[in-house]
Structure formats: C-alpha cells, structure tokens
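Participant: Next one to model:
(chains A and B)
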Amino acid sequence: MTEFLNLMLEPLQEVFLKFKVFLPNLLAMLVILLVGILLAKILRIILVKLLIAVKFDSWSDRMGFTALIRKGDVWTKPSAILGAIMFWLLAIVTLMVGLSALKVAAIDQVVGHFFGYMPRVFSASIILVVGYILAGFVSRAVLITAANSGFHYAKLLAETVRVLLAVMTLAMVMEQLKIAPNIVIAAFSIIFGGIVVALSIAFGVGGIGVAKRMIEREATEKTAEEPKDEIEHI
Amino acid sequence: MSNVTFRAEIHDQIEKAGNTDIIVGIPSFNNARTIGHVVRAVQAGLAKYFPDHKAVIVNSDGGSSDGTMEVVHKTSVEDFNAILLHHRVKPISKLAFSYSGIPGKGSAFRSIFEIAQRLEAKACVVVDSDLRSITPEWIELLVKPVLIGGFDYVAPLYHRHKFDGTITNSIVYPLTRTLYGKRLRQPIGGDFGFSGKLARFYLTKDVWESDVARFGIDIWMTTTAIANGFKVAQSFLGAKIHDAKDPGADLSNMLYQVVSATFDLMENYADVWVPIRGSEPVTTFGFEYTVGLEHVSVNTARMLKLFRESLNNLREIWLDILGAGDLREVERLGTLSDAEFDFPLSLWTRIIYDYALAFHQKKLPTEHLIKSLTPLYVGKTASFILAAEHMEAVEAEAEIEKLCLEFESSKDYLATRWK
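Facilitator: Got it, this is the predicted structure:
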C-alpha cells in the first residue's frame, strides 16, 4: 500500500518541487509586468504632458499628420496617439522581459528574436517619419514654385512628387523590416519603372496632340512679342 | 560683436587715415560699369559741401571679377571748376577691399560700420554702386541732417514711376509705418545717412551670421533705428535710376527676402510696435520737384492669369493662412474679368496681417509661407496698375496713402492676435 502511495505521490512531489523552483520566476514575471506597466503608464502621462507643453498637436496640424490620421478615422489627438504608442511599446517590452524571467528555453528564444528585430523596427519607424515629412516638404515646394511660375498643372505635379516619394519611403521601410525583401524590390522597380514608362507613353503617344498644341502655343507666344514687364518690384 | 578682420594693408590705411568726420560706404559686386559715376558724384559732393571735413570713401566689395575695385582706385573728379567749385579741395582718401564673412550686402555694410567706428566718424552715408541718377547733392542731403541737424538716421525719398517699387508701396511702407508709427516713405531705399553713434549701435547687434548679412540689411537698419528711438528723417533725392537689374531675378525670391526680413523684425520688436497706434510724419529735407520718368510697360493680363491659376493650385495653403472668409473673397476676385478686377484694400491688409501671424505661429516653413504670397501680391499689383493706369503720380501716391490708412485702422486685428 505504501509503495502504491509512493508511486502516486512521487509525481506530485516532483511537480510540487518543480513548481517551487518555478514559483519565484513566476512571481518575478508578475512583478516585472506590474512595475513595467505602471512605469509605462507614468511615462505615457509624462510624454503626453510634455508634448502638449511643446505644442506638438499644432505642429502635427501644420505638418499634416493630423489630417493623415483623420483619414484613417482616428479622432484622438496626435499627442495622445504618441503616448499610446509609447505605452504599448513599453508594455510589449515589459511582457518580453517578464516572459524571459520564466527561464523557459522556448520562450527565451522567442524573446531573443523579438529584441533582435527591435532595431529594425526602430530604424524603419525613423525612415517612415522622415520620409513622410520630406515628401510633404518637397511636394509643397514643388507646388509653390510651379504655381508661381504659372504652371497650370502645379497641383498634379506636386501630388505626383508626393506619391513617388511615398512609394520610395514605403519600399525602404519594407526593405528595412525584411518583409519579403525580394518581392518589395521587384515590386518597387516595377511600379517606379512602370510610372516612368506610362508617363513616357502617355506623353509621347497619347499626348502628341497636347504636346503639339503646347509647342505651337509656345511658338505663337514667342512670336506675338508680348510686352515684357519692366516693373521694378523693389 | 565688432570682430571684422581686415587685411594688413587695409588695416594700415585705416590707421593712416586717422579720425575722420564723414565715411561714404559703397557696397559693390561686379559694378565696374557704374561705380565710377557713383565715386565721382560722392567726391564732388564731399568737395562741394564738406570742404572742411575729413572724409573717406569706402568700397566694400563682394569679390568682383570685373575690376570694380580698380575703377574705384582710378576714379577721381578731373575738373572741379566744371562743377563750379573754386575753393581748395583736399584729396579724399579711398579704401577699396573685399569684405570677409557671409556673401551679401549686410556683410559689406558691417565692414563699413566697423571702419566708421575705428575712424570715429561723425556721419556716414551708404549709396548703391549701380546708381545712375546720383548727384553730389545726395551727399549733402544725406550727411547734413546728421552732421548739423542732429539726426541719427536719414532715409531717402525718391520720385519713382507710379508702377515701380510695388513691394515697398504695397507691403513694406504701409507695414513699417503702421508698426512703428513713422512715415518713412522708402524704408528699403538702399541709400542712407546715419550717425557714427548709430553705426556703433548696429555693430553691437548679433545679426552678422544671420540673413541680415545676406539680404534684408536695408529694412533692418531702418527698423533698428526707429525701434530703438534714434532720431530719424528723410531727404528728397530726386529720381532713383539704377543699372538694369537681372531680368531673370525671381519675384518670389525677392518677395521672400524682403518680407521675411520685415516679419523677422516684427518678432524682435513686438514690445515696441504692439502698443503703437497711428503714425506721424518725419522731418523731410530737400527741395521736392517733379521728375520725368521713363515709361514702364506692364502686362496685367499675364499677372491676372497667374493669380487665377493659383486659386486652384494654392487653395489649401491659403485656406490655412487666411481662413475660409478671406479665401472666399479672394476666390470671388478670381471670377472677375480683367476690367472689373479690383483688389479691396481691406482684404489686402488682412492678407498681409494673416501672413505675419502665420509667420509668427510658424504655420509653414518661412520660404514656403512667403513664396505662397507671390500670386496674391501679383493680383494686388495688377489691380493697382489697372486702377492707376491713367492717374498722375500724385493721385497714385494718394492711393498708397489710402492703403496705409487701412493698415493703420486695422492694426488691432494684428495686435490682438499676436500672442
């Protein structure tokens, strides 16, 4: 009977012993999660207050970020969005650190992969933000310069520049994140090359008449000897 | 802030010149064709009107490759009798050198201020090197108010064609007058007289690494003098005719340089201009006379086409700066025919104030912001030209006066929104 009882209790004892060894790790994970999430919440509050103090929301309005997120049907303030992004980023990092405290080989491997991937996510985010700002800046500069030169299609030209720069930025981001890099490069080359070829064909074949009219008009304007402005603005 | 370094030989010449009463500065860059006339007029002016004063002509050059400095060195008045000068004429020292620092008129002026300080000059004059209409009397009119009248700053007052100087007439003059309360008609004229005390004051300002060194020195000098309580006046100099400017010079670049410099100064002197209301005339020297001016041809149809095209292209930017109400008014203008086109003064005033506020609130990068004003400015200019086409110069000037009064009466709009 004793033998039978031993047979029954031994696995339980083993489980209990293993649990005794595992319990501190579990507790450590819970503490890490608790402290990490609390810290993430505090940091979110601090960040949002800081962003409000430096008028980040009005800066976002000017840079067009607000308009962009509104298009995605998000109606939260940009500062609150940035706060939430930071909170969730810290929460995920906390979760990963907490899981690694469990000292389970399989989980450790996943956590290792996660932290190995983080620098790529970080640089991809920077490329995305810089690319977005640059695309806005360059397309606005093109728009104003073209409009001041009296170019009728200034808006179209500026939008084209913006789309091309956005496509280029997205390709760079995908490449950085190593998301199907071969497909991304191939797709990027096809799209970019396609746009150039399409424009060439459109202007060269489809736009023969338009081009002819433009050249004729240009020639007529030159020969018409329009009076030149002699006004001194300063 | 006075840390301009001169080459050894220039330094020696400055030392040799010793204390001087009058400095005449001529900034230049590839002006060999015209600078000879300017130097002769200055020499004659100094000899005729200030024979008992020690004077130095300073040519601060931007690295000309056409021999501008050689022309300065070689030029002198051959026959003083021809200008009815019979008293003994002392030789007038000349200094010609390439200034150091950021390329631009501001850096050229800085060197002139520095020399004025070292030579303890009582009065200084700066004149453009491309002037064709300068006469010896200009020197008298710009120096005497300082030397004898006790003024610190003398701005020019010219007769110009009614269509010329439109950036001055529709933006800089009304705005400067309204902000600082002094009716200086040509705040960016380019030819000024000022006291040695003011030259020293200019040197204390930490602006010589900024855009003031490149462009905007004229409005900076005028505004700094007024806003810091220096005694200002203006002198009637007759017509201003200068060498033909580069026809390819981009209007929006010009607008950007002048308007950004003016708005920048609004930031610096907000405490001074916000409480000021109305304006007062300044003492004016010189004998005003009518000047025959060359015809100026302008293509208003092309200007209005640019304005109308931009309504579609720049709509979003203008909406952000002007707001929906004023944009609607601008759009209404776009529907008018050339003959009916009339840019209301009140709308133009609010547009300039809105741009100043947008600059203050940093709504857009400065260059984008101000360059987006170009089609509106072109529309306003076309409207003025259409209205003033058959007007006499006096009537055209009365139109500018109306605009100034509109700027003054609407100042609350700007002051209350400036936070």
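Participant: near chain B, which residues of chain A?
Facilitator: Applying C-beta under 8 Å from any C-beta of the partner chain, we find that chain A lies next to chain B at A:58, A:62, A:137, A:140-141, A:143-148, A:150-152, A:154-155, A:226-234. Placement of C-beta: from N, CA and C, glycine included.
Participant: The residues you listed in helices, which ones?
Facilitator: In helices, defined here by DSSP state H, the members of these are A:58, A:62, A:137, A:140-141, A:143-148, A:154-155.
Participant: Any of these buried? List them.
Facilitator: Buried residues within those, defined by neighbour count using 16 or more other C-beta atoms under 10 Å in any protein chain shown: A:62, A:140-141, A:143-148, A:154-155.
Participant: Let's have the ones in helices among the residues of chain A next to chain B in CSV, adding pLDDT.
Facilitator: Compiled in CSV, those are given as follows (pLDDT from 0 to 100):
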residue, pLDDT
A:58, 82
A:62, 73
A:137, 90
A:140, 93
A:141, 94
A:143, 95
A:144, 95
A:145, 94
A:146, 94
A:147, 94
A:148, 93
A:154, 92
A:155, 92
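Participant: isn't residue A:165 right up against residue A:137?
Facilitator: No. Checked against C-beta atoms under 8 Å, the pair residue A:165 and residue A:137 is beyond contact range at 9.6 Å.
Participant: Where does residue A:132 sit, in terms of helix or strand?
Facilitator: When secondary structure is defined using DSSP states H and E, the element that contains residue A:132 is helix A:105-148.
Participant: which other helices and strands contact that helix?
Facilitator: Judged by 3 or more C-beta pairs under 8 Å, 6 or more residues apart in numbering or on different chains; DSSP states H and E, helix A:105-148 is in contact with helix A:78-101, helix A:154-177, helix B:251-268, helix B:300-313, helix B:315-334, helix B:366-371, helix B:374-388.
Participant: Off-centre distance for the helix or strand following the third one?
Facilitator: Next helix or strand after helix B:251-268 toward the C-terminus (DSSP H and E): helix B:270-273. What separates the centre of helix B:270-273 from the centre of its chain is 21 Å, taken as C-alpha atoms, centre = their mean, to the nearest Å.
Participant: So for helix B:270-273, mean pLDDT?
Facilitator: Across helix B:270-273, the average pLDDT comes to 96.
Participant: how about that helix: buried residues?
Facilitator: Applying a neighbour-count criterion of 16+ other C-beta under 10 Å, one finds B:272-273 buried in helix B:270-273.
Participant: what does that helix rub up against?
Facilitator: Contacts of helix B:270-273 from elsewhere in the structure, counted by C-beta atoms under 8 Å, 6 or more residues apart in numbering or on different chains, are B:179-180, B:227, B:266, B:418.
Participant: Dump these into JSON lines; add distance to residue B:104, secondary structure and neighbour count as well.
Facilitator: Formatted as JSON lines, the contacts of helix B:270-273 follow (distance: C-beta to C-beta, whole Å; DSSP: H, G, I helix; E, B strand; the rest coil; neighbours: other C-beta atoms under 10 Å in any protein chain shown):
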{"residue": "B:179", "distance to residue B:104": "24", "secondary structure": "helix", "neighbour count": "27"}
{"residue": "B:180", "distance to residue B:104": "24", "secondary structure": "helix", "neighbour count": "23"}
{"residue": "B:227", "distance to residue B:104": "22", "secondary structure": "helix", "neighbour count": "17"}
{"residue": "B:266", "distance to residue B:104": "21", "secondary structure": "helix", "neighbour count": "22"}
{"residue": "B:418", "distance to residue B:104": "29", "secondary structure": "coil", "neighbour count": "16"}
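Participant: Return the member of those residues nearest to residue A:200.
Facilitator: Set against residue A:200, the nearest of those by C-beta to C-beta is residue B:266 (48.7 Å).
Participant: follow-up on the earlier one: spatially, which two of the ones in helices among the residues of chain A next to chain B are the most separated?
Facilitator: Within these, two members stand farthest from each other by C-beta to C-beta: A:58 and A:146, at 27.8 Å.
Participant: so which of the contacts of helix B:270-273 comes closest to chain A?
Facilitator: Compare each of the contacts of helix B:270-273 with chain A using C-beta to the nearest C-beta and the shortest gap goes to residue B:418, at 16.0 Å.
Participant: Contacts only, for the closest one.
Facilitator: Counting by C-beta under 8 Å, 6+ apart, residue B:418 touches B:270, B:274, B:356-357, B:360.
Participant: Can you go through the residues you listed and name the buried ones?
Facilitator: If you count burial by 16+ other C-beta under 10 Å, the buried members of the contacts of residue B:418 come out as B:356-357, B:360.
Participant: In helices only, show me those.
Facilitator: For the buried ones among the contacts of residue B:418, secondary structure assignment (DSSP H) places B:356-357, B:360 in helices.
Participant: now the residues you listed as JSON lines including pLDDT and distance to residue B:115?
Facilitator: Shown next, in JSON lines, are those (pLDDT from 0 to 100; distance: C-beta to C-beta, whole Å):
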{"residue": "B:356", "pLDDT": "97", "distance to residue B:115": "36"}
{"residue": "B:357", "pLDDT": "96", "distance to residue B:115": "40"}
{"residue": "B:360", "pLDDT": "93", "distance to residue B:115": "36"}
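Participant: Using TSV, please lay out these together with distance to residue B:47.
Facilitator: Compiled in TSV, those are given as follows (distance: C-beta to C-beta, whole Å):
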residue	distance to residue B:47
B:356	46
B:357	51
B:360	49
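Participant: Redo these as a markdown table? Include distance to chain A.
Facilitator: What follows is those, written out as a markdown table (distance: C-beta to the nearest C-beta, whole Å):
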| residue | distance to chain A |
| --- | --- |
| B:356 | 16 |
| B:357 | 13 |
| B:360 | 13 |
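Participant: okay, now residue B:231: neighbour count?
Facilitator: Residues within reach of residue B:231, counting by other C-beta atoms under 10 Å in any protein chain shown, total 18.
Participant: Which single residue of chain B ends up nearest chain A?
Facilitator: Of all residues in chain B, residue B:313 sits closest to chain A, at 4.0 Å by C-beta to the nearest C-beta.
Participant: residues contacting residue B:161?
Facilitator: For residue B:161, the set of contacting residues under the criterion of C-beta under 8 Å, 6+ apart consists of B:293-294, B:296.
Participant: Go back to the residues you listed and keep what's next to chain A.
Facilitator: The overlap between the contacts of residue B:161 and the neighbourhood of chain A (criterion: C-beta under 8 Å from any C-beta) consists of residue B:296.
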